[in-house]
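Chemist: turn this into a model:
(one chain, ligands or ions: 1)
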Amino acid sequence: MARKQLSGMKGNFSWHGFATRDELASAFAAVVARHLAEAIAERGAAFLAVSGGTTPAKFFAALSTQAIAWEKVVVTLIDERFVPATSERSNARLVDASLLQNAASRARFVPLYHEAEKIEAAAVVADAALRRLAWPLDVAVLGMGNDGHTASFFPDAANLPALLDPASQRTILPVHAASAGEPRLTLSMARIVEARFLALHIEGAEKRATFDAAMEPGPAKPIRTVIDASAKPIEVFWAP
Ligand SMILES: O=C1O[C@H](COP(=O)(O)O)[C@@H](O)[C@H](O)[C@H]1O
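Modeler: Here you go, the predicted model:
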């Protein structure tokens, strides 16, 4: 059973805690599917951005079997490593293998990665491609690293102020950060926080501690900056 706590005192978020990761995956998938179905009913299409990394595979598998009009859904990524889809580090590869299956194989995927010599050139191509879509996002699903990064807003990113600029006109930005490994492409914070439904999916005691610490007063980690910038409380889904 989910434990829900509206936490107006500690921050701009609602907490949804689950006993197991399986329970979280199926409940969260049903919530996301409901928001996508509502978007389709209201506007004839739905626009979803998901994160990569190690956390979302179970949630993706549960979402892929939800009975909605997937042919009317566009799926993109919150962020991507500057690697082709053949790489094991590719978030597009994870989405293809885990989400764009079953009923969700009818969705249209728009990648962030484009082959280019420099990531700056790839970011320009991705920015132009993404701008053609119907913003704002209906659903944005964020992840979080134990350093408090979300999307590719790494604390040591050279252009962190530009990534987190709430007035940014950019859709996609390149990221260089020593802690990230390879360079990244990311949606700007400005495009993420305008999503109609904004969720954070985290699992494990360490991430819970990172989240709790980020909500305490003090210098803001990127996850805190995003939560504070969101017009609506961010929905946090967590399981041990
Ligand atoms: O680098 C990334 O990390 C975060 C968190 O990943 P996880 O492996 O700890 O689940 C993820 O949200 C982001 O999309 C990814 O590029």
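
Chemist: tell me which element Phe237 falls in.
Modeler: strand 234-239 (DSSP states H and E).

Chemist: ends of stretch 58-75, how far apart?
Modeler: Its first and final residues considered, stretch 58-75 spans 17 Å by CA to CA, to the nearest Å.

Chemist: in it, which residues are buried?
Modeler: Within stretch 58-75, the residues that count as buried by 16 or more other CB atoms under 10 Å are 58-64, 66, 68-70, 72-75. In short, each C-beta sits where N, CA and C put it, glycine included.

Chemist: before we move on, what about stretch 221-233?
Modeler: Buried residues in stretch 221-233, defined by neighbour count with 16+ other CB under 10 Å: 221-227, 229-230, 233.

Chemist: before we move on, back to that, check whether the strand holding Phe237 comes near the ligand.
Modeler: No - judged by CB under 6 Å from any ligand atom, strand 234-239 and the ligand are separated, with a smallest distance of 12.4 Å.

Chemist: likewise stretch 49-62?
Modeler: Yes - Stretch 49-62 is in contact with the ligand by CB under 6 Å from any ligand atom, via 51-55.

Chemist: do stretch 201-220 as well
Modeler: No - using CB under 6 Å from any ligand atom, stretch 201-220 stays clear of the ligand, coming no nearer than 7.3 Å.

Chemist: mean confidence for that stretch?
Modeler: Averaging pLDDT along stretch 201-220 gives 96.

Chemist: can you tell me the closest non-neighbouring residue to Arg196?
Modeler: Once flanking residues are discounted, Arg196 sits nearest to Asp138: 5.1 Å by CB to CB, 6 or more residues apart in numbering.

Chemist: so for the one you found, what pLDDT did the model give?
Modeler: Predicted confidence (pLDDT) for Asp138: 98.

Chemist: you'd agree it is up against Ala49?
Modeler: No - Asp138 is beyond contact range of Ala49, at 9.2 Å (criterion: CB atoms under 8 Å).
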